[in-house]
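Q: For reference, the sequence and a predicted model appear below.
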Amino acid sequence: GLTGHVDDDNPLWAAADVDGRIRRLGGDPGAYVTAGVYWLPANRVAARTTGFERLRDYLKWLVEQGRPVYGVALPIVFDIDRAHDVEAAEQAGFSRSPENAGA
């Protein structure tokens with residue numbers, strides 16, 4: 001997933017074309033950042049993954065190798081790793097109330 005909502009200490013910037021294919025990961029700010037939602041087909045090259053310390057490094061390598069990597073633009077995604085992230089999500093209309101659980 002990709003989002004234009006950026007409030008992260010270390011965002012992974014992404015540039016995608018009109019079809020959603022990611023053309024660049026990392027580097028200069030783009031229109032999007034990765035949103036922490038990933039799906040890889042079972043037949044995706046996996047043997048090489050042991051050489052990467054982080055998933056972002058593997059994804060960047062796939063893009064640089066010309067492998068087809070696509071992103072789906074999501075309207076708003078929160079990286080919840082700080083107390084004020086929870087507050088920001090709640091202010092945006094998300095809450096921890098039971099009626100929203102599992103939604």
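A: That came through fine.
Q: If we go by neighbour counts, what in stretch 82-92 is buried?
A: 88-89 (16 or more other C-beta atoms under 10 Å). All C-beta atoms are positioned from the backbone trio N, CA, C, and that covers glycine.
Q: So residue 39 versus residue 17, what's the distance?
A: 19 Å (C-beta to C-beta, to the nearest Å).
Q: Next, the residue lying closest to residue 24 once chain neighbours are set aside: phi, psi?
A: Nearest residue to residue 24 in three dimensions, chain neighbours excluded: residue 15, at 4.2 Å (C-beta to C-beta, 6 or more residues apart in numbering). Torsion angles at residue 15 (phi, psi; degrees, to the nearest 10) stand at phi -120, psi 130.
Q: same question, residue 21
A: phi -70, psi 130.
Q: How about the contacts made by it?
A: Residue 21 makes contact with 68-70 under the criterion C-beta atoms under 8 Å, 6 or more residues apart in numbering.
Q: okay if I get these as CSV plus distance to residue 33 and neighbour count?
A: Output for those, formatted as CSV (distance: C-beta to C-beta, whole Å; neighbours: other C-beta atoms under 10 Å):
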residue, distance to residue 33, neighbour count
68, 20, 8
69, 15, 21
70, 16, 12
